[in-house]
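# what's the 3D shape of this:
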Amino acid sequence: MKKTHKLLVFTVMLLFPVALWGAAGDPTTGLASTSHDFSGLDDGGTDTNVTGMCTFCHTPHKASAQLLIWNHDLSSATFDWTTPSTTGGTDYIDVVANTYKGSTSKCLSCHDGTVAIGDIGWWNGRDPVQGDWTVAPVLGADAAEIAANTVGGNAGGSAEGNHPVAMPYPYNQAVNTYNTSATGDGVVLTEFIADPTTSGIRLYNDTGPNIEVGPVAGKTGMECGSC
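Next comes the predicted model:
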């Protein structure tokens, strides 16, 4: 009997990636006026300073994680499914959100439903505990959207029913190994687009110590950022 594997997941939004990608626009067009444009947030109090487009998630000082100088607290949950593998035999993998090297761990810090939106490490030279950021920043409709599109924060990290990520993609219509999981024997390789990056879909490669952007034959996979 195979060990039940676990895997990071993103939101139910990824269940229909093509439709969502088309609605959101080409990922190369930037963040301006998108759901991830956090320009102009304040601390909800008397402070008149506001964030820039990127500073809520990325900070030059005292980041929560060195990768991407990430400013938001990472989830400590381990996300899992009740089944050990996909119908094609690709195994789900044990991944703890705050140690996984892929970009999905950063997405889950806001979208997993267990970490508060205002749990940030540093912004504009102030400590959120001792300085002005003692309350969650004012996100308005963005906070409601994030809350509506979370994995759910279920007890034990259950993500059953959500789109799997941090697993291999059959790049070049071949078996790939990613995050220690190999494309299953039952996967019909010819049913996959050989190189979806030509259509604007972002793929990643597993170097072993890190997860990096860009497909590499034999070790390509998908993260939240793929769509």
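
# how about A97: what's its closest non-neighbour residue?
Distances taken as C-beta to C-beta, 6 or more residues apart in numbering place S75 nearest to A97, at 4.0 Å, with adjacent residues excluded. C-beta coordinates here come from the backbone N, C-alpha and C atoms, glycine included.

# try N98
L74 (3.9 Å).

# name the helix or strand for the one you found, please.
Using DSSP states H and E, L74 is not contained in any helix or strand.

# and the gap between the residue nearest to G225 when sequence neighbours are not counted and Y178?
Among residues not flanking G225 along the chain, S103 sits closest, at 4.8 Å (C-beta to C-beta, 6+ apart). For S103, the distance to Y178 (C-beta to C-beta, to the nearest Å) stands at 13 Å.

# so which residues of this protein form helices?
Counting by DSSP state H, the segments of the chain that form helices are 17-24, 104-111, 141-148.

# more crowded one of S103 and Y178?
Each of S103 and Y178 had its neighbours counted (other C-beta atoms under 10 Å), and the higher figure belongs to Y178 (27 against 22).

# do you know how far that one is from L74?
In this structure, Y178 and L74 are 21 Å apart, going by C-beta to C-beta.

# same check on S103?
Taking C-beta to C-beta, one finds S103 at 12 Å from L74.

# please apply the same query to T86.
Counting by C-beta to C-beta, the gap from T86 to L74 is 26 Å.

# what pLDDT is listed against the closest residue to L67 other than its chain neighbours?
Spatial nearest neighbour of L67, excluding adjacent residues (C-beta to C-beta, 6+ apart): K101 at 7.0 Å. pLDDT for K101: 88.

# now do S39
The model's pLDDT for S39 equals 79.

# spatially nearest residue to it (excluding sequence neighbours)?
Using C-beta to C-beta, 6+ apart and skipping residues adjacent in sequence, the residue nearest S39 is M53, 4.7 Å away.

# burial count for that neighbour?
By other C-beta under 10 Å, 17 other residues sit near M53.

# just name the shakiest helix or strand of this structure by mean pLDDT.
Every helix and strand of the chain was ranked by mean pLDDT, DSSP states H and E. The lowest is helix 17-24, at a mean of 35.
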